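K.L.:
here's a sequence, model it:
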Amino acid sequence: MQKDMQKQMSNLVNLPVTKEGRRLEASLGRSIEKAVKANADALWVRFQEDNAKNEKLSRDHAQQIASLINNFVNKDLAVMLEKAVKKELATVGQAVTRALTPAMEKTIASSIAESFQKAVGDKAVNQLEKSVNSKLEATVARQIQAQFQTSGRQALQDALKSSVEVSVIPAFEMSCKAMFEQVDTAFQKGMIEHTNAAQQHLESPHSSLAHVLRDSINSASSITQTLSGELADAQRNLLALVAAGASSNTVSPMVSQISNGHLSGLHEKVEVPLDPTKELSRLTSECKYEEAFTIALQRSDLSIVSWLCSQVDLRAILTIVPLPLSQGVLISLLQHLACDVNKETSRKLGWMTEVAAAINPADQMIAMHVRPIFDQVYKTLHHLGSSPMITGAEHSSIRLLMHVINSVLLTCK
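P.N.:
Presented below is the predicted three-dimensional model:
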């Protein structure tokens, strides 16, 4: 009788256990597959967005360099060449006039004197030489000046033009070619460095992709914990089913074995994790703000940090003397809120303003971290302010927070 009862109990237990195990296995597989697929899609979309941003930045840099070179060639180069040509023309004309005038005067005077000495006598030559020299000097000077203004200037311009075409333009072309090669080399080097920096940024544990991966891992962990809780409930239901099938006055050895055996051990292993919000609520109700914010920040879950800020009166807490929050917690809270400021922007800007005003940059615990973190938050706010999705009230909050950050940075040594 007892053997038959054990067989019936075995059949009664094995069938529901097998069905429940298969159902849980299928449910767990579907949930994990959906989570992995969703996380992979999110990572791929984020990677494409970062790649598009990097390409846009590269195009903007190339356009800036090209516009600077075009402005130089179209504006500054023509003005510089014109000034140089005018300066050279003025200098060459004066030098030619000074060089030609004495030589021509000497040549004309000597030829006239020799011809008159042969034709007339020495006396007539002396008298004539005096009168001719006085008139000839004025006439020759006028003729030389008029000749230089007409043909000499044209000849100088032609010579200068040919000289510029032969020597200046090829030299300028060579210098421009060398300059463009240097610009191209610098641009290629900058692109390589920018690509390496972007790759390092993508591979960095503090990058946005790392945050996405961490969020994905957290979501997978939560799904696993939920399924573990379902498994524990199913095991409890099985135990209740076995207990109901047994006699009310006697306890079957099979039931005892199940209760004390593998299912009991498995039930002890499956534990439903505590909800962090319950622990945080308990700490805030006991005014243990330092411990509550430390736990929330250590979880690296931005939604938990935002939830905790919404559950307390942050402005009232920061007016308590002495401050219930340490400087390390305050600066870490500011950094965490800035990382997720795109969500609930108005509320988070208000929280960040209160926290930034309460930070003491002279505190030895955070002195070396204040400037880099504040600079990072300032850049985030500047980028947020250029977004078309920001309202007028949010713009005012951003300007106020940036003013507070500048005031704190001015007090840093």
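
K.L.:
gap between Glu279 and Gln182?
P.N.:
In this view, Glu279 and Gln182 are 62 Å apart by Cβ to Cβ, to the nearest Å. (Each C-beta comes from the backbone N, C-alpha and C, glycine too.)

K.L.:
more crowded one of these two?
P.N.:
Glu279 (14 against 10; other Cβ atoms under 10 Å).

K.L.:
that one contacts Ile295, doesn't it?
P.N.:
Yes - if you go by Cβ atoms under 8 Å, Glu279 and Ile295 touch, sitting 7.0 Å apart.

K.L.:
run through the helices of the stretch 301-413 of the chain in chain order.
P.N.:
Ranges of helices within the stretch 301-413 of the chain are 302-311, 314-318, 327-339, 345-358, 367-385, 392-411, based on DSSP state H, counting those that start in this stretch.

K.L.:
and these: which comes nearest Tyr289?
P.N.:
Evaluated with Cβ to Cβ, the helices of the stretch 301-413 of the chain place helix 314-318 nearest to Tyr289, the distance being 5.8 Å.

K.L.:
mind listing residues that contact that closest one?
P.N.:
Tyr289, Pro324, Leu325, Trp351, Glu354, Val355, Ala357, Ala358 (Cβ atoms under 8 Å, 6 or more residues apart in numbering).

K.L.:
top of those by number of neighbours, please.
P.N.:
Per-residue neighbour counts (other Cβ under 10 Å) across these peak at Val355, which has 23 neighbours.

K.L.:
what count of nearby residues applies to Ala296?
P.N.:
26.

K.L.:
name the element it belongs to?
P.N.:
Following DSSP states H and E, one finds Ala296 within helix 289-298.

K.L.:
got the angle between that helix and helix 302-311?
P.N.:
Interaxial angle of helix 289-298 relative to helix 302-311 (axes from the mean of the first three to the mean of the last three Cα atoms, to 10 degrees): 150 degrees.

K.L.:
show me what counts as buried in helix 289-298.
P.N.:
For helix 289-298, a neighbour-count test (16 or more other Cβ atoms under 10 Å) marks Tyr289, Ala292, Phe293, Thr294, Ile295, Ala296, Leu297 as buried.

K.L.:
who touches it?
P.N.:
Contacts of helix 289-298 (Cβ under 8 Å, 6+ apart): 276, 279-280, 283-284, 304-305, 308, 312, 317, 324-326, 329, 332-333, 336.

K.L.:
can you select the buried ones among those residues for me in PyMOL?
P.N.:
PyMOL command restricting the contacts of helix 289-298 to the buried ones, with burial defined by 16+ other Cβ under 10 Å:
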select buried, resi 280+283+284+304+305+308+317+324+325+329+332+333+336
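
K.L.:
look up how far Ile373 lies from Glu394.
P.N.:
As judged by Cβ to Cβ, Glu394 and Ile373 stand 22 Å apart.

K.L.:
that older thread, and of the contacts of helix 314-318, the nearest to Ser407?
P.N.:
Relative to Ser407, the closest of the contacts of helix 314-318 is Ala357; by Cβ to Cβ it sits at 8.6 Å.

K.L.:
now do that closest one against Lys3, distance only.
P.N.:
From Ala357 over to Lys3 the distance is 79 Å, taken as Cβ to Cβ.

K.L.:
and if you look at Glu49?
P.N.:
Glu49 is 68 Å from Lys3, by Cβ to Cβ.

K.L.:
and the two? Which one has more around it.
P.N.:
Glu49 (11 against 7).

K.L.:
related to what we said a few turns ago, Thr97: which of the helices of the stretch 301-413 of the chain is closest?
P.N.:
Among the helices of the stretch 301-413 of the chain, if distance is taken as Cβ to Cβ, the winner is helix 367-385, at 63.9 Å.

K.L.:
check which helices and strands the closest one sits against.
P.N.:
In terms of contacts (3 or more Cβ pairs under 8 Å, 6 or more residues apart in numbering; DSSP states H and E), helix 367-385 is packed against helix 327-339, helix 345-358, helix 392-411.

K.L.:
many thanks, we can stop here.
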